[in-house]
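*Asks:* Using only what follows, build the 3D model:
(2 chains)
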Amino acid sequence: MVGESWVTTTFEKLEDWGRNNSFWPLPFGTACCAIEFMSVVSSHYDMSRFGYEVVRFSPRQSDLMIVAGTITDKMAPVLKKIYDQMPDPKWVVSMGACACSGGFYRAYHVMQGIDEIVPVDVYVPGCPPTPEGLMHGILQLKEKIERDRKRLKKAKAGSASDSDGSSAAA
Amino acid sequence: MPLLEKYPPDSVVPVAGLDQPTWIVHRDSLKELAAELQADSASGFDLLLDLCGADFPGRPDRFEAIYHLYSVERKERLRLKVPVPEDDPVLPSLAGIWKAANWFEREAFDMFGLRFEGHKNLRRILTHEAFEGHPLRKDYDAARRWILTEDKVYRPQPRPDDGESDDDMFEQMTINIGPSHPAMHGTFRVVAHLDGEVITASEVEIGYLHRCFEKMAETHTWQQVIPYTDRLNYCSSFINNVGYCRAVESLLGVEAPPKAVWARTILSEFSRIMDHCVCNGSTLVDAGALTNFWYFFQPREEIYGLLEACSGARLTVSYCRIGGLAEDLPPDFEAHCRRLLEMIPGFMDDIERLVNKNRIWLDRSVGVAAISGEEAVNWGWTGPCLRASGVANDVRRDHPYDLYDTVDWNVPVLPGGDVYDRYRVRMLEIRESLKIIRQLLDRGMPEGPHIIDDPHIALPPKEDAYNQMEAMIYHFKLIMDGIQVPAGEVYSMVEGANGELGFYAISDGSGKPYRLKVRPPCFPIMSTFSDLIRGGTVSDAVVSLGGLNVIAGELER
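*Replies:* Residues are numbered from 1 along each chain as shown, chains lettered A, B, ... in the order given. Purely as a prediction, here's the structure:
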């Protein structure tokens, strides 16, 4: 680092730190929630304060899909395809009641929650959620990623000690 | 009417006593009558506003196709009803007479299974390819879903009409834009056939946001529909609230108190400003002018603040109630409005200075996707897009409601019909809206209640509902059974941010709407898109879509 200063860390921590603070969101906006998403990225609320301003419309370049709006049965294959096109690691934030559960559209053409077809990391309630709500959701995801790494490590350690009885590998 | 004399007496029967002139037409005479109505300049109707189906299982002729016509010149309306039997649900297509009928007929086919003979492309439009049955029929279960899998997805193959092609065939290709694409605001899909960079043919696919509004309305009470109307045109949800509540109020034969009407007018105009901000902001972003987007969104955030102070919600306000407003206005309502009036013009000045004479913007928008006034009327256009084609048509002036006839304002009209004029008309309208609001504020807030005092329509105040037996019973009845709207039908319209927003409601006297059809202003506008972009480049198509201000929630309901 600069001059005499040194920082020591592990590679995993550095990687998580980088990921947590620079999501490249793909806004899968279909309806009203997409308008609130626009508010979140525009000047008043300004999501770039957290490092999340690089909004990508190409799934190949993004690691966070924000599903903002109602997903209908007609849209479902498109959503699945775009999710599949995103490179790993990837996360999904379900923004709003419709994406979480179909909302108050219990109807013949509306998917009752996107978790029917893609795994969801954070559900943000609201119809639509306030910008603060969405920002809180994304910050929850940040925490989740940190947590997941620890949990993964623990699980690995646990399974290794279970299987061969020897001391856990690093 | 002399026009009617030549038809056999049973085939065209005028019905009296409805909200607007209505004729019941036999389907054999429909095409001839329609052609005559469209062509007749003196007493004809040049604009097909809406076409919808309705299902009456008890009747000998189970279905009904309902046409709403309008004369731009005389500002008159006419409704045609065509009964159609269940075993042979066929009627002639009017797409050759009014081009607007093209998509409306596809919708009626999709929703009710009515078949329009002579329609070139009678395919489902709102529901997906694997869908079976016709959802708005009364015997269709509202929650019955069908799963669409990847292999069944429809793949459009647009080909130029004339079949001719240049020698350099290798330059031809087909590209898919959308439904998840940064240039498609919302959820549309355009498959374009290109010759080099020029679009020679295209096919527009919609329905990716069909949320079954009309079926949902039939399964909820009249009040419960209000939140659903928010989500039609979510950029200006308050105007939808007003439109719907006005329709139900006219069925009930009541009027909102002066204070509610005053507030409705002011908030509708603020909503219109917000809607125009989103439309112009995103159009300019598509042309690469990102700065204006931030300039447009700041006043929008401030108007959100006002709506939030009134209703508690920013975007989907649900602030209207049948007979008035949900809550009284906040104490600083007038001061808040005044603050906005001071602030908004500054932003608009900045934007216009940046954009109006900007070389790049002019090159991208002048003459792009131009349409003549006559063509636009035939396609069923209304609102700012039609006014940008030189036709002065505005519901607020032609059929005044609320307080619009008591204030002094202009209807901005520009002749060009292109993307630039659509942008300019919207900027001018923002100024006119501010003018309307200022005059109403100067007049002062009317005294009195915010909702009518009728326990069969308006909920009693919460403290009464808790403490008085009578109020509690009224509260219970209203929540459980809904407002008892007398049987009848009405077509009621307001000027939405994109054009005439109509609600056609049929009541059978129960607590729920029997049929509620929305006349979405951007549906006929979007049906023109394929024609509009033919001959232009792909980048023109992107800018012209922005300028049309098509909102998926309203387009597909």
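*Asks:* wait, residue B:491 sits on residue B:501?
*Replies:* No. Counting by Cβ atoms under 8 Å, residue B:491 sits too far from residue B:501 to count as a contact (11.4 Å). C-beta coordinates here come from the backbone N, C-alpha and C atoms, glycine included.
*Asks:* Quick check: buried residues in stretch A:88-107?
*Replies:* By 16 or more other Cβ atoms under 10 Å in any protein chain shown, the buried positions in stretch A:88-107 come out as A:90-105, A:107.
*Asks:* out of those residues, which touch chain B?
*Replies:* A:104-105, A:107 (Cβ under 8 Å from any Cβ of the partner chain).
*Asks:* Restricted to helices, list these.
*Replies:* Nothing among these maps onto helices, per DSSP state H.
*Asks:* of all these, which comes closest to residue A:19?
*Replies:* Minimum distance to residue A:19 across those is 33.9 Å, recorded for residue A:105 (Cβ to Cβ).
*Asks:* which residues does that closest one contact?
*Replies:* A:70, A:98, B:211-212, B:216 (Cβ atoms under 8 Å, 6 or more residues apart in numbering or on different chains).
*Asks:* List the buried residues of the longest helix along chain A.
*Replies:* Longest helix in chain A, counting residues (DSSP H): helix A:131-164. Neighbour counts over helix A:131-164 (16+ other Cβ under 10 Å) mark A:131, A:133-135, A:137-138, A:141-142, A:145 as buried.
*Asks:* I'd like those residues written out as a markdown table, with pLDDT and distance to chain B added.
*Replies:* Shown next, in a markdown table, are the buried residues of helix A:131-164 (pLDDT from 0 to 100; distance: Cβ to the nearest Cβ, whole Å):
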| residue | pLDDT | distance to chain B |
| --- | --- | --- |
| A:131 | 90 | 8 |
| A:133 | 92 | 11 |
| A:134 | 91 | 12 |
| A:135 | 91 | 14 |
| A:137 | 92 | 17 |
| A:138 | 90 | 18 |
| A:141 | 89 | 21 |
| A:142 | 88 | 25 |
| A:145 | 84 | 25 |
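*Asks:* Distance to residue B:312 for those residues - can I get that in CSV?
*Replies:* Listed next are the buried residues of helix A:131-164 as CSV, based on distance: Cβ to Cβ, whole Å:
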residue, distance to residue B:312
A:131, 15
A:133, 14
A:134, 18
A:135, 20
A:137, 20
A:138, 24
A:141, 27
A:142, 29
A:145, 33
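*Asks:* Nearest to residue B:70, out of those residues: which one, please.
*Replies:* Closest to residue B:70 out of those is residue A:131 (40.3 Å), distances taken as Cβ to Cβ.
*Asks:* how far away is the closest one from residue A:68?
*Replies:* 12 Å (Cβ to Cβ, to the nearest Å).
*Asks:* Can you tell me which of the contacts of residue A:105 comes closest to residue B:110?
*Replies:* Once Cβ to Cβ is applied, the member of the contacts of residue A:105 that ends up nearest residue B:110 is residue B:212, at 11.8 Å.
*Asks:* Contacts only, for that closest one.
*Replies:* When the contact criterion is Cβ under 8 Å, 6+ apart, the partners of residue B:212 are A:105, A:107-110, B:135, B:142, B:557.
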